[in-house]
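Novice: I need the structure of the sequence given here:
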Amino acid sequence: ETGEVRTETKLSSSEQRVATLAAQGLTNREISAKLYLTVSTVEQHLTRVYRKLQISCRGDLPMDLALSSRQPLER
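Specialist: Numbers count the residues shown, from 1 in each chain. Sure thing, here's the model as predicted:
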């Protein structure tokens, strides 16, 4: 595959939401409460995000994840 694949096309919408909150500094427990998911589900999403973005920890999450998706997450 040639060219750079945009992050938005590689991540599912759920993965994008979890990764965005993690990039903003929320803990897995805070993310689970905010998105009404179990902590285990948050961990699974982050594991897939790390694999897809080829990173090893939340500190490596690109900050532009938080900037690129300005979808309202609050209810």
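
Novice: my guess is R58 meets L26, correct?
Specialist: No - the pair R58 / L26 is not scored as a contact, 9.5 Å apart, by C-beta atoms under 8 Å. Yep, even glycine has a C-beta here, placed from its N, CA and C like the rest.

Novice: max-length helix in this protein?
Specialist: The helix that spans the most residues within the chain, counting by DSSP state H, is helix 39-53.

Novice: Now the most centrally placed residue in the chain: which helix or strand?
Specialist: Nearest to the mean C-alpha position of the chain, by C-alpha atoms, centre = their mean, lies A19 at 1.2 Å. Following DSSP states H and E, one finds A19 within helix 13-23.

Novice: so what secondary structure elements neighbour that helix?
Specialist: Contact analysis of helix 13-23 by 3 or more C-beta pairs under 8 Å, 6 or more residues apart in numbering; DSSP states H and E lists helix 28-35, helix 39-53, helix 64-68 as its packing neighbours.

Novice: Kindly reformat those as a markdown table and extend each row with mean neighbour count and distance to S14.
Specialist: Listed next are the helices and strands packed on helix 13-23 as a markdown table, based on neighbours: other C-beta atoms under 10 Å; distance: least, C-beta to C-beta, whole Å:
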| stretch | mean neighbour count | distance to S14 |
| --- | --- | --- |
| helix 28-35 | 17 | 8 |
| helix 39-53 | 17 | 6 |
| helix 64-68 | 14 | 14 |
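
Novice: wait, which of the ones you listed is closest to L11?
Specialist: In terms of C-beta to C-beta, the element of the helices and strands packed on helix 13-23 nearest to L11 is helix 39-53, at 6.2 Å.
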